[in-house]
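Novice: Fold the following.
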Amino acid sequence: MEIKIGTPVSPGIAIGTVQVLDSEEFRISKRFIRKDEVHDEIARWEACKAKARTEIEGVKQQVAGVVKDEVSLIFDTHVRILDDPSLDAEVRDRIKVDKYTAEYAVSRVFRKVINTIKGLEDSYFGQRVSDFIDIQRRLLRALMGEQRSAAVKTDQKTIIVSHDLTPSQTVGLARDQVVAFVTDLGGATSHTAILANALGIPAVVGLGNISQEVAGGETMIVDGSRGRVIINPDEPTRKKYELLAVEHKARTKELLASAGTIADETADGTPITYYANIEFDDEVESALKSGACGLGLFRTEFIFARHPKPSEEDHFRSLMRAITMLGNRPLTVRTLDFGADKFREEAGLEPEENPFLGNRSLRLCLSQPAMFRTDRKSTRLNSSH
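Specialist: Modelled structure (predicted):
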């Protein structure tokens with residue numbers, strides 16, 4: 001059992017099976033093969049090694065004559081690592097003995113080696129970690145091919161482990177399957193954190209290198225309230241958190257139920273009006289149940305998370321759903337605002353030097369009249385409704 005502490009960004013407790021989504025969007029899950037499939041799986045391992053070796057030799061030829069010989073030797077080292085008989089034997093054993101898929105065998109074997117190197121006090125060997133990570137990814141690319149970005153289908157409750165998640169990836173998580181996520185990077189004020197809260201997904205970020213320290217198929221507990229992540233918990237710890245998860249859900253339900261009964265004035269009789277901020281129209285119902293008298297802000301740019309190129313009709317339907325649920329309650333719609341971490345690529349916008357303080361919000365809309373017109377037309381239609 002191992003405990004990691006990060007930044008809590010979305011409350012809740014979840015227990016599930018790890019699915020690793022690394023920076024190249026590999027999903028490596030713990031999967032097994034039948035005894036009669038071992039021969040073919042070994043053949044896949046051999047073929048992927050051959051392909052990786054060819055790629056390394058090709059890279060070496062490309063840099064020959066351009067860089068110093070010392071740099072070219074790096075790729076000789078990669079080939080030697082790839083041909084290391086102990087690594088080859090270990091992967092073969094994981095396939096033959098444990099009946100792992102080649103992908104999962106590579107993931108497990110290289111993780112073991114990488115963690116061993118990280119534990120060495122010798123700084124020279126410690127710097128070789130990146131070489132093994134590079135080779136591991138090259139092998140996984142060769143093994144997974146076109147399937148590398150396909151999500152693994154599973155009936156288990158899944159916890160996504162990733163180097164980082166963009167807002168679009170967060171929105172795209174299968175909410176009926178993904179119960180939590182943890183990342184190497186991230187902070188409490190990122191829009192990924194805001195989305196995790198909006199979607200009700202427990203999340204812990206800023207864990208350093210957790211995406212390299214766990215493997216698909218392992219069990220994980222995520223405490224999004226305290227920023228605690230427990231890898232492969234023992235049975236007493238698991239049972240403890242199962243009870244805590246039940247208590248947290250009951251407490252949340254109780255708070256939501258009581259929110260609608262909160263007094264709408266101060267002790268001296270001054271009226272208080274509560275408004276909610278939302279990213280998606282399907283948040284309106286929970287906002288009203290929590291005691292909101294309307295929407296103080298509807299962040300319309302988040303429609304790009306669900307529709308890569310939303311039409312006027314897409315905008316219209318989203319706003320109409322919100323208005324219908326609100327009835328006669330007020331709704332404030334914000335002009336599209338694409339910041340550094342919000343959907344610039346999805347909206348087809350070019351990157352800029354300072355996306356946090358540069359061309360964004362109304363300034364951006366005025367420079368993109370077609371996009372602005374589509375958004376505002378739907379708003380005007382809804383206003384007249």
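Novice: element containing residue 226?
Specialist: For residue 226, there is no host helix or strand (DSSP states H and E).
Novice: Could you do the one 10 residues further on as well?
Specialist: Residue 236 belongs to helix 235-259 when assigned by DSSP H and E.
Novice: what does the average pLDDT come to for that helix?
Specialist: Across helix 235-259, pLDDT averages out at 86.
Novice: chain center to it, what's the gap?
Specialist: 24 Å (CA atoms, centre = their mean, to the nearest Å).
Novice: So which elements touch the helix or strand following that helix?
Specialist: Next in sequence after helix 235-259, counting helices and strands by DSSP H and E, comes strand 276-278. When contacts are defined as 3 or more CB pairs under 8 Å, 6 or more residues apart in numbering; DSSP states H and E, strand 276-278 packs onto helix 284-289, strand 295-299. (C-beta placed from N, C-alpha, C; glycine too.)
Novice: So which bits of the first one are buried?
Specialist: Using 16 or more other CB atoms under 10 Å as the test for burial, helix 284-289 gives 284, 287-288.
Novice: How about residues contacting stretch 218-231?
Specialist: Contact with stretch 218-231 is made by 1-18, 30, 159, 161, 179-182, 196, 202-204, 207, 210, 213-214, 232-233, 237-238, 241, 244, 248, as judged by CB atoms under 8 Å, 6 or more residues apart in numbering.
Novice: rewinding a little: could the helices and strands packed on strand 276-278 be laid out in TSV, adding mean pLDDT and distance to residue 82?
Specialist: Below are the helices and strands packed on strand 276-278 laid out as TSV (pLDDT from 0 to 100; distance: least, CB to CB, whole Å):
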stretch	mean pLDDT	distance to residue 82
helix 284-289	83	52
strand 295-299	86	48
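Novice: Looking at these, which is nearest to residue 50?
Specialist: Checking those against residue 50 by CB to CB gives strand 295-299 as the closest, at 50.2 Å.
Novice: any idea where the helices of the protein begin and end?
Specialist: Counting by DSSP state H, the chain has helices at residues 38-63, 69-82, 85-96, 102-118, 123-126, 129-144, 167-171, 191-199, 210-213, 235-259, 284-289, 312-326, 361-367, 369-384.
Novice: what sits against the closest residue to residue 284 other than its chain neighbours?
Specialist: What sits nearest to residue 284 in space, not counting adjacent residues and going by CB to CB, 6 or more residues apart in numbering, is residue 325, at 4.3 Å. Neighbouring residues of residue 325 by CB under 8 Å, 6+ apart: 281, 284-285, 288.
Novice: that older thread, which strands or helices does the helix holding residue 236 pack on?
Specialist: Contacts defined by 3+ CB pairs under 8 Å, 6+ apart place helix 235-259 against strand 13-21, strand 219-223, helix 284-289.
Novice: any idea how far stretch 270-281 is from the chain center?
Specialist: How far stretch 270-281 lies from its chain's middle: 28 Å, per CA atoms, centre = their mean.
Novice: Local confidence estimate at residue 123?
Specialist: 53.
Novice: And for residue 112, the neighbour number?
Specialist: Residues within reach of residue 112, counting by other CB atoms under 10 Å, total 12.
Novice: So it versus residue 216, what's the distance?
Specialist: 15 Å (CB to CB, to the nearest Å).
Novice: just residue 115 next, same as before
Specialist: Distance from residue 115 to residue 216, counting by CB to CB: 16 Å.
Novice: Ok, residue 298 next?
Specialist: To residue 216, residue 298 is 38 Å away according to CB to CB.
Novice: rewinding a little: between the contacts of residue 325, which is nearest residue 257?
Specialist: Closest approach between the contacts of residue 325 and residue 257, by CB to CB: residue 288, at 13.0 Å.
Novice: Which one's more surrounded, residue 115 and residue 216?
Specialist: Neighbours were counted for residue 115 and for residue 216 using other CB under 10 Å; residue 216 has more, 23 against 12.
Novice: related to what we said a few turns ago, now distance to residue 225 too, for the helices of the chain, in a markdown table please.
Specialist: Shown next, in a markdown table, are the helices of the chain (distance: least, CB to CB, whole Å):
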| stretch | distance to residue 225 |
| --- | --- |
| helix 38-63 | 42 |
| helix 69-82 | 42 |
| helix 85-96 | 37 |
| helix 102-118 | 29 |
| helix 123-126 | 35 |
| helix 129-144 | 32 |
| helix 167-171 | 19 |
| helix 191-199 | 12 |
| helix 210-213 | 18 |
| helix 235-259 | 7 |
| helix 284-289 | 19 |
| helix 312-326 | 29 |
| helix 361-367 | 33 |
| helix 369-384 | 36 |
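Novice: can you tell me which of the ones you listed comes nearest to residue 266?
Specialist: Residue 266 lies closest, by CB to CB, to one member of the helices of the chain: helix 235-259, at 17.3 Å.
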